[in-house]
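> I would like to see how this sequence folds:
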Amino acid sequence: MKIIEGGVCAAKGFKAGAMRCGIRKSHTKKDLAMILSDCVCNASAVYTTNRVKASPILLTKEHLADGKAQAVIVNSGNANACAPFGMENARRQAKAGARALGVSEENVIVASTGVIGQTLPVEAIEAHAGEMEMKYDNSLVAAEAIMTTDTKVKTIAVEFDVDGTTCHIGGICKGSGMIHPNMCTMLSFITTDAAISKTALQKALSDDVNDTYNMISVDGDTSTNDTVLVIANGMAENEEIVEGTKEYEVFAEALHEINEYLAKKIAGDGEGATALFEVNIVGAQTKEQAVYVGIGDVVMRLQDLEDSYEHAMVAYQLTKTAIAGHDANWGRIICAMGYSGAQFDPEKVDLFFESAAGKIQIAENGTAVDYSEEKATEILSQPIVTATADVKMGDAKATAWGCDLTHGYIEINADYRS
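The predicted model follows:
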């Protein structure tokens, strides 16, 4: 497996396009993107767990009832959530995409991102979608068009081998704020030319989301529009991948490469952030315990817990501000671990900080060691910082990703609608 260029256009038979159609107030930013396969694809998706779901999600669920899709139309600047005429406008958006691309309306996936509670100006989409230029090498502009408060374009593609056949998978995503487990505020669109069954595709995606998008946190909020979509057109012409085979494992590994990369890019581009904060929990009895210590309420899903909200290392605000201040305040970290509700012995915990500037141990068996504050500050001043906590109870581990918390987060969100 190797990383390649191309994003959602890296796989055979996929085009993309983007334009400014007038949804956003900005007169320069693109606000509409489309992705098209040359043929109908097997498709799978995972959505937000928020009980309030935007109209595009409800329509996409309808259109994916048969596990098939051929195109995606996505706008930024307006979430079409909790808005007048939400479902009507989502359907009009799908029809506009279908007309522009010459495909069946039922095979068009609709997504939206932006301000909640405002009517989608769907007339702008209907008027201009047909003008969009679709190209086989146009992934980057589509990635730019779906950005909201994002500061960086998020895209990746990889090439991999399935039993002697070269296949490709690539993705683009957006996400910067309202990021937390159980599907954060993000849209992720992934395309592949691998031939894979609908059930195998859904299993691979659903399983991998637990270790990628559900292991990131920026601010503890999850939104109404979050969607991860994978569409597979089979144009690589490999023998169809099914569950329980080595070929399935190869595909799952490639999908994980895409999802983990994009998830980390979301966490590192958190609103106002200056650093990606990675947390490794090692030495746990079970993976669930490691996940709980690392990121908290994601285990509500794993253990069917209800009405439980627990902050953990990557989501704990005081930990995040310490990272922003390049302060090795390890007491905040072990405090956050205690908040998680997971069972561990604080008197056995070892803590480490690591970055491109080196690695340093700051606690052993729950007690501070003699370390250099200057070196710790140097390590914490890097754009990627890792904290490792060894709870010395077993061999299980988990990794979560977040970011530091700065004044920039408040500034961005205070002015979001203006």
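
> wouldn't M337 be in contact with K348 here?
No. Taking C-beta atoms under 8 Å as the definition, M337 is not a contact partner of K348, at 11.6 Å. Glycine gets a C-beta too; all of them are placed from N, C-alpha and C.

> what's the overlap in contacts for the two?
Residues within reach of M337 and of K348 at once, by C-beta atoms under 8 Å, 6 or more residues apart in numbering, are V391.

> between the two, which has more neighbouring residues?
Just comparing M337 and K348: by other C-beta atoms under 10 Å the higher neighbour count belongs to M337, 25 against 14.

> which of the helices or strands spans the more buried one?
helix 330-339 (DSSP states H and E).

> could you look up the SS state of the residue nearest to K359 when sequence neighbours are not counted?
Of all residues not flanking K359 in the chain, F352 sits nearest, at 6.2 Å (C-beta to C-beta, 6 or more residues apart in numbering). Recorded secondary structure, F352: strand (DSSP: H, G, I helix; E, B strand; the rest coil).

> can you show me the helices along this structure?
55-63, 86-101, 122-128, 139-145, 198-209, 246-268, 287-295, 299-303, 317-324, 330-339, 373-380, 407-414 (DSSP state H).

> comparing these by mean pLDDT, which bottoms out?
Mean pLDDT values for these show the minimum at helix 299-303, a mean of 31.

> can you pull the contacts of the closest residue to I231 other than its chain neighbours?
Nearest residue to I231 in three dimensions, chain neighbours excluded: C41, at 4.0 Å (C-beta to C-beta, 6+ apart). The contact partners of C41, by C-beta under 8 Å, 6+ apart, come to K68, A69, Q70, I231, A232, N233, G234.

> and the closest residue to the third one other than its chain neighbours, how far is that from L64?
The reference is to Q70. Spatial nearest neighbour of Q70, chain neighbours left out: N107 (4.1 Å); criterion: C-beta to C-beta, 6+ apart. According to C-beta to C-beta, to the nearest Å, N107 and L64 sit 10 Å apart.

> could you do L205 as well?
Taking C-beta to C-beta, one finds L205 at 12 Å from L64.

> do N50 as well
Counting by C-beta to C-beta - N50 and L64 are separated by 18 Å.

> relative to T191, how far out is E133?
18 Å.

> of the two, give the one with the bigger neighbour count.
Using other C-beta under 10 Å as the criterion, E133 and T191 rank with T191 on top: 32 against 11.
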